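Asker: sequence? don't have it. structure:
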């Protein structure tokens, strides 16, 4: 079974500051890892994903995340926060079992990001 | 291209009533998933269809929940009878069978059981 832990249910940063949202996972097999964002009154939107290959992945809106197998982490970062980044962010894991390209996502608890002017 | 749509966006019902939620996936997506987020908790998987077949229904909470996907297009999730603990936001997602790593999510249905 897999699980995901997001450290910090709320993170507050100033506009222009570094954004760091933490995600740790546990999985019995190599996982696929995802970050989703949910803006108010909208569905979840994929920010970025790690499947195989390069461990530093870049996503939309200037976000990136690094897969660190030794630390079982997949932290999300953005060098400079913008007011429009205020939203709830979800880390998720999916088993990479038998090379299947589908399967359920297991989510973390979510982190609400607030950006102050 | 239209995204995943869900209907209704909000539903308020009384305990013991029946509610049916609908999800229309992206055209051509054979995988369809239901998830639920109870207030203050994480988003949890309910079940997964591949076309009209249930691939995985390990997350369904109990037999008051019935999901269908007749014809492999849209899906419905019926709760009968509804209980207070069923309140939450129900999300639907879809993905392609090939290269289907990304699941595309709908806006969700907020269900309130009074």
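Answerer: Received it, and whenever you're ready, just let me know what you need. Keep in mind the model is a prediction, meaning the values are calculated, not measured.
Asker: got a list of contacts for stretch A:69-79?
Answerer: A:18-27, A:33, A:35, A:47-48, A:50, A:55, A:61-68, A:85, A:89, A:91 (C-beta atoms under 8 Å, 6 or more residues apart in numbering or on different chains). C-beta: built from backbone N, CA, C; applies to glycine.
Asker: just give the nearest non-adjacent residue to the residue nearest the centre of chain B, would you?
Answerer: With distances taken as C-alpha atoms, centre = their mean, chain B has residue B:34 as the residue nearest its mean C-alpha position (3.4 Å). Sequence neighbours aside, residue B:46 is the residue nearest to residue B:34 in space, at 4.1 Å (criterion: C-beta to C-beta, 6 or more residues apart in numbering or on different chains).
Asker: residues contacting the one you found?
Answerer: Neighbours of residue B:46 in contact, by C-beta under 8 Å, 6+ apart: B:33, B:34, B:35, B:36, B:57, B:59, B:60, B:61, B:65, B:67, B:77, B:90.
Asker: same question for residue A:32.
Answerer: A:49, A:50, A:51, A:93, A:94, A:95, A:96, B:101.
Asker: for chain B, see how far away the fourth one is.
Answerer: With the distance defined as C-beta to the nearest C-beta, to the nearest Å, residue A:93 ends up 11 Å from chain B.
Asker: could you give the number of residues near that residue?
Answerer: Number of residues near residue A:93 (other C-beta atoms under 10 Å in any protein chain shown) recorded here: 23.
Asker: now swap in the first one and tell me
Answerer: Residue A:49 has 18 neighbours, counted by other C-beta under 10 Å.
Asker: that one contacts residue A:57, correct?
Answerer: Yes: using C-beta atoms under 8 Å, residue A:49 makes contact with residue A:57 at a distance of 6.8 Å.
Asker: so where's chain A shaky on pLDDT?
Answerer: Along chain A, segments meeting pLDDT under 70 span A:96-102.
Asker: what are the boundaries of the strands in it?
Answerer: Per DSSP state E, chain A carries strands over the ranges A:3-7, A:10-14, A:19-26, A:31-38, A:44-50, A:56-58, A:64-68, A:73-78, A:87-95, A:106-107, A:111-116.
Asker: which among the ones you listed is found nearest to residue B:26?
Answerer: Nearest to residue B:26 among the strands of chain A is strand A:44-50; the distance by C-beta to C-beta comes to 13.2 Å.
Asker: next up, the contacts around the residue sitting nearest the centre point of chain A.
Answerer: Centroid-nearest residue in chain A, with C-alpha atoms, centre = their mean: residue A:35, separated by 3.0 Å. Counting by C-beta under 8 Å, 6+ apart, residue A:35 touches A:21, A:23, A:46-49, A:59, A:63, A:65, A:74, A:76, A:89-92.
Asker: quick check on those residues: which are buried?
Answerer: Using 16 or more other C-beta atoms under 10 Å in any protein chain shown as the burial test, those include A:21, A:23, A:46-49, A:59, A:63, A:65, A:74, A:76, A:89-92 as buried.
Asker: closest to chain B among these?
Answerer: residue A:46 (5.3 Å; C-beta to the nearest C-beta).
Asker: per-residue confidence at the residue lying closest to the closest one once chain neighbours are set aside?
Answerer: For residue A:46, ignoring the flanking residues on the chain, the nearest one in space by C-beta to C-beta, 6+ apart is residue B:102 at 5.3 Å. Confidence at residue B:102, expressed as pLDDT, is 86.
Asker: residues in chain B within reach of chain A, list them.
Answerer: Neighbours of chain A within chain B, by C-beta under 8 Å from any C-beta of the partner chain: B:3-4, B:31, B:33, B:35, B:41-45, B:48, B:50, B:55-56, B:58-59, B:91, B:93, B:95-108.
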